[in-house]
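>>> how would this look folded up:
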Amino acid sequence: MASLWLSRLNLTAFRNHRSSLLEPTARPVLLTGPNGAGKTNLLEAVSLLAPGRGLRWAKTQEIQARASDAPWAVAAVVETAEGPRRIGTGRDPAAAGQGAERRVLRLDGRNERSQAAFSRVLDVLWLTPQMDGLWREGADERRRFLDRLVFAFDPAHAGRVSGYENSLRQRARLLQDGSGEAVWLSALEETMAERGVAIEAARSALVARLLQATHTVREAAFPKCGLELSGVLNRWLAEGSALEAEERLRAALFDGRGRDAEQGGSGVGPHRSDLVARHLGKDCPAALCSTGEQKVLLVGLILAHARLVALERGRPPLLLLDEVAAHLDAARREALYDEILSLGLQAWLTGTEPSIFEGLLGCADVFQLAEGRLSEGRP
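Model (predicted):
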């Protein structure tokens with residue numbers, strides 16, 4: 001049985017869910033129904049209880065149900081070892097009335113200023129069909145994926161990433177319009193150097209731990225995945241201390257002002273790093289593997305991270321798997337379900353037919369959806 005799980009999830013004006021309430025047990029949660037019924041919307045709602053913009057990376061106004069005047073909201077009760085915690089988020093109606101978009105963050109009845117507060121309560125991992133091309137597409141998505149994995153161990157990482165990106169944008173504006181005073185530019189570059197090295201160090205540390213954790217997942221079903229964080233900044237960290245890496249980054253930013261003024265952004269920093277994966281069994285870069293092989297590498301990596309979270313933090317994460325089982329063969333589906341049950345976590349899985357979940361049906365809560373409406377079914 002899961003030691004951390006949602007016992008209540010309430011959605012209001014959330015995409016096609018005008019008002020939906022789920023009260024699952026600690027068992028895995030199976031969401032079934034036709035395409036467009038709102039299954040992924042439920043997973044997205046859960047993902048917004050973690051730092052960031054959720055599994056769709058959506059803007060606040062994009063989530064709002066079109067046919068409702070009420071602001072969208074997600075409220076949940078999280079069962080923890082210390083007792084139940086109330087957590088929620090939603091669209092800030094006051095900000096929307098002023099033409100701005102902002103989310104309200106609530107924890108145990110109090111407003112929170114930072115999403116990092118949510119990480120004190122629970123961790124959320126997800127895998128969606130949109131991530132199938134992770135190893136083939138641009139580095140931006142891979143960095144975002146890696147940063148989400150880091151959040152589970154270092155909630156302050158989200159603030160460092162946000163702060164670094166804000167400083168990067170400010171510096172680019174000052175350089176491009178030519179109005180930047182040297183003192184202000186130096187201050188921004190100092191901040192970027194400190195935060196940038198801290199971001200890269202946290203990523204590098206997690207990659208090292210993940211490499212060990214991948215050995216604990218069933219290799220017959222999910223092949224071992226080699227991981228490497230590539231980039232100039234990571235090389236500097238390997239060659240010397242963090243302080244030396246900060247000095248080198250600070251100097252590179254200063255020297256690159258002219259080039260960056262013409263091209264925008266910055267030619268060096270954690271925003272230029274990449275996560276490189278390799279299928280160790282075939283000794284082949286993940287980007288060159290088949291679509292199916294890339295999928296199982298990613299599933300194995302997510303399971304390894306979930307196991308790492310459970311071991312190091314003493315609590316399992318919530319695991320959101322959108323249409324994952326349909327793209328695995330029977331042996332890998334069985335291995336996936338065995339891993340979920342052995343980890344003792346509350347996994348939320350979607351599928352069009354309950355039959356795809358054979359092996360979990362006797363030990364999971366099943367909810368059927370149709371056009372944003374829920375009904376509970378127990379096999």
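
>>> what's the domain layout of the protein?
1-123+315-379, 132-292 (automatic domain parsing).

>>> Now do Leu303, the pLDDT please.
On the pLDDT scale, Leu303 is placed at 92.

>>> residue ranges of the helices in the stretch 101-250 of the chain, please?
Here the stretch 101-250 of the chain has its helices, by DSSP state H, counting those that start in this stretch, at 139-151, 156-177, 182-213, 232-239, 242-255.

>>> For Glu353, find the nearest of the ones you listed.
With CB to CB as the criterion, Glu353 lies closest to helix 139-151 of the helices of the stretch 101-250 of the chain, at 28.7 Å. Placement of C-beta: from N, CA and C, glycine included.

>>> how about the closest one: buried residues?
141-143, 145-151 (16 or more other CB atoms under 10 Å).

>>> Quick check: mean pLDDT of it?
94.

>>> rewinding a little: including distance to Leu298, could the domains of the chain go into TSV?
Output for the domains of the chain, formatted as TSV (distance: least, CB to CB, whole Å):
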stretch	distance to Leu298
domain 1-123+315-379	9
domain 132-292	6
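
>>> So which of the ones you listed is nearest Ile302?
When the domains of the chain are compared by CB to CB, domain 1-123+315-379 sits nearest Ile302, at 7.3 Å.

>>> Give me the neighbour count for Lys59.
Lys59 has 10 neighbouring residues, counting by other CB atoms under 10 Å.

>>> er, Ser355 actually
For Ser355, using other CB under 10 Å, the count is 9.

>>> can you check the one 5 residues further on too?
A count of neighbours around Leu360, defined by other CB under 10 Å, yields 24.

>>> do you know how far it is from Leu336?
Counting by CB to CB, to the nearest Å, the gap from Leu360 to Leu336 is 9 Å.

>>> ok, now which ones touch the most centrally placed residue in the chain?
Nearest to the mean C-alpha position of the chain, counting by CA atoms, centre = their mean, stands Arg148 at 3.9 Å. Counting by CB atoms under 8 Å, 6 or more residues apart in numbering, Arg148 makes contact with 50, 52, 125.

>>> Tell me which of the residues you listed fall in strands.
Among the contacts of Arg148, the residues falling in strands (DSSP state E) are Leu125.

>>> Kindly reformat the helices of the stretch 101-250 of the chain as TSV containing distance to Arg113.
What follows is these, written out as TSV (distance: least, CB to CB, whole Å):
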stretch	distance to Arg113
helix 139-151	17
helix 156-177	11
helix 182-213	19
helix 232-239	29
helix 242-255	28
